[in-house]
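> Predicted model and sequence follow; I will ask about them next.
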Amino acid sequence: MATPNCRAASDHIIRAVKLSDISERTTVGVFLRQANRLADRTLVRTWTGDAWREVTWAEMRDLALRVAGHLVELGVRPRDRVILLSENRLEWLYCDLGIQAAGAVTVPIYPSTPAETARLIAADSEAVLAIASGEALAGHLEPAGDLKHVLRMDREVAEWVSGPYPDAEMEEIDRRLAALDPEQMVTIIYTSGTTGEPKGVMLAHRNFVDMAYSGLKVFPIGEQDVTLSFLPFAHVLERVSGVFTGMLAGGSSYLSRGIDRLVEDIAEARPTVMVAVPRVYEKMYERVQDEVRKAAPRRQRIFEWAVAVGKQHSRTGGARLRYAIAERLVLGRIRTLLTGGRLRFFVSGGAPLAREVEEFFWALGVQILQGWGLTETTSGATSNTVDAHKYGTVGRPLPGVEIKTAKDGEVMVKGPCVMLGYFKNERATEETIRDGWLSTGDIGEIDGEGFLTITDRKKDLIKTAGGKYVAPQPLEARLQEDPTIERAVVVGDQRPYCVALIVPNWDAVRSRLGISGEPSDLVEDERVRDHVQATVDSVNRGLGSWETIKYFRLLPHDFTEESGEVTPTLKVKRRVIMERHAEEIDALYAGSKKPERQAAH
């Protein structure tokens, strides 16, 4: 990490970099001004293996400028694309800032992305250099085409931040910082389309900065706040809300050790604000429910009474005496357990939040504020706020953002959040942005008070509860390549993972497996299910974890046009199928019934 003389070197360099020459509407312009003002204050806390290490604003500035200088030394030019392929860690943050300070463009890739997809992104983005966290992820990429270098955080970058300061490159960094334009592209974030082929969303410096300012107008966040950074930095929600908005506010953050340590992290960090996807809050809710089910009947009744009182109080402000008792007996203890005791509000985004979970947290006295947006809208375009909240909605437009619905109910967005376009894909850009209005692909309703409710998806693209997109058609097509599978429908929208309804080709099954029987009996036959299991496992190989089919259910009969489950051209009507088979689908998630089969992944 940074050497003892780094602060002095960094201060010298910053004196050479005239902050007044760097646009305030660029991400590094914001960061460098805050680093100059808050130099010795803690910016980030990261786990070192046995303790939390504090990193100051000045240290982060030094680390970022070191990376920038070495990138210039390697020949990275302004507007060149540089890949970041890493799990969340301190190095991710200062490499991202270093790339931007060099005037280049960050192309983040999720660490769970299959190697084939990572190479596709590298080629499509025309990246000239990649930085991976270690040997395993570096192995996903290899120098080819425009990609001249694949560096490692645990090797080359570690040498950069501990070795001599790249003084010779600093004058060039000064020039590049001064030349940064708010309209200049700062990142390309790849998001899957309906065909499964990733599209590169181009976002400008001012997308991040303007939306961070917009968020601070409705979310009361300041220098005293402590956040727990949990979502992947490659996710636009964390990049905007957790990183740049936090930097603009001047607060500090803890870098979570991951979902397995999240409970510990919350207890130790005791965040005042936290941003996450619904699945995190669902897990908290499920944890409490599991504990309640284990309790004695009398304690269960007290819990249920206290939550009911909390819900009434959150809606009306009434029942004050009963609420005070419920707070002392139940609510306060659970709130401290789940949040660390000083949380002011949660922000939920990336996917719809179940109303029962939303109401539960409000009953506890924890404001959980649901928002909505896309990668193409630089994350949040609307959100509930501490002063304006309505259950079941995703709130009102953030300041500067406009929304409307088209004739078919599709939600349209206009404002500083709208992307520059899709990289090297003018046709898709023109189809998505017209007259400044972005077509989101979500169907929604706007009530008389301006609150937006998302009711459906215009296309079949699945958005899991973790905020990841999954294209179901390629998965279904691969399953149906097996001659013993007649039909497959992948489900997972607004759910924690993907599952499948599978209709076997019974003639092929009988022939292939040498068995006989009626479909209604064969769906329970272990030989049939083992055979389908092998196909599902084969399809899962090479996929990102969020795309894999976790469970499946065999159905005895195919969908028909007469039943209204398929169109005249035999395309499945997903909404109808999900309604008709809701019980089977719910059983694959709820745990009330043992799943048919869990797929290997």
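Nice, I can see it.
> Can you list the low-confidence ranges for the stretch 401-550 of the chain?
Applying pLDDT under 70 to the stretch 401-550 of the chain flags no residue at all.
> could you pull out the strands for it?
402-405, 410-414, 421-422, 433-434, 437-446, 452-457, 462-463, 469-470, 485-491, 498-504, 549-554 (DSSP state E, counting those that start in this stretch).
> quick one, which of those is packed in tightest?
Most buried of the strands of the stretch 401-550 of the chain, by mean neighbour count (mean count of other Cβ atoms under 10 Å): strand 498-504, with a mean of 25. From N, CA and C alone the C-beta is placed, and that goes for glycine too.
> Which other helices and strands does it contact?
Applying 3 or more Cβ pairs under 8 Å, 6 or more residues apart in numbering; DSSP states H and E, we find strand 498-504 packed against helix 472-479, strand 485-491, helix 526-540, strand 549-554, helix 582-590.
> elements contacting the fourth one?
It refers to strand 549-554. Using 3+ Cβ pairs under 8 Å, 6+ apart: strand 549-554 touches strand 498-504, helix 526-540, helix 582-590, strand 597-598.
> And for Glu583, the neighbour number?
Applying other Cβ atoms under 10 Å, we find 10 residues neighbouring Glu583.
> and what of the one 4 residues further on?
Neighbourhood size, Ala587 [other Cβ under 10 Å]: 18.
> Can you pull out the low-pLDDT segments for this protein?
Using pLDDT under 70, the chain drops low at 1-17, 192-197, 561-562, 567-571, 591-601.
> let's see 50
Applying pLDDT under 50 to the chain flags the ranges 1-16, 193-196, 568-569, 592-595, 601.
> spatially speaking, which residue is in the middle of it?
Relative to the mean C-alpha position of the chain, the nearest C-alpha, by Cα atoms, centre = their mean, is the one of His235, at 4.3 Å.
> Quick check: chain neighbours aside, which residue is closest to that residue?
Spatial nearest neighbour of His235, chain neighbours left out: Gly467 (6.6 Å); criterion: Cβ to Cβ, 6 or more residues apart in numbering.
> Quickly note the distance from the one you found to Ile368.
16 Å (Cβ to Cβ, to the nearest Å).
> repeat for Arg478
38 Å.
> So the two - more neighbours on which side?
More crowded of Arg478 and Ile368, by other Cβ under 10 Å: Ile368, with 23 against 17.
> Check the secondary structure at the more buried one for me.
Following DSSP: H, G, I helix; E, B strand; the rest coil, Ile368 is assigned to strand.
> ok, now which ones touch Asp181?
23, 26, 205 (Cβ atoms under 8 Å, 6 or more residues apart in numbering).
> Out of the residues you listed, which is nearest to Ser314?
The closest of those to Ser314 turns out to be His205 (Cβ to Cβ; 39.3 Å).
> could you check the distance from that closest one over to Pro182?
Taking Cβ to Cβ, one finds His205 at 5 Å from Pro182.
> likewise Leu43?
From Leu43 to Pro182 the distance is 23 Å (Cβ to Cβ).
> most packed of the helices and strands packed on strand 549-554?
strand 498-504 (a mean of 25).
> Return the list of strands paired to it, each annotated with direction.
If you go by DSSP bridges, strand 498-504 pairs up with strand 485-491 (antiparallel), strand 549-554 (parallel).
> JSON lines for these, including distance to Ile325?
Converted to JSON lines, those look like this (distance: least, Cβ to Cβ, whole Å):
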{"stretch": "strand 485-491", "distance to Ile325": "43"}
{"stretch": "strand 549-554", "distance to Ile325": "42"}
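> out of these, which comes closest to Ala582?
strand 485-491 (10.2 Å).
> what's the angle from that closest one to helix 582-590?
Interaxial angle of strand 485-491 relative to helix 582-590 (axes from the mean of the first three to the mean of the last three Cα atoms, to 10 degrees): 60 degrees.
> Strand 485-491 vs helix 526-540, what angle?
Going by the same axes, to 10 degrees, strand 485-491 makes 60 degrees with helix 526-540.
> Give me the contacts around strand 485-491.
462, 470, 472, 475-476, 479-480, 498-506, 532, 535, 549, 558-559, 572, 574, 577-578, 585.
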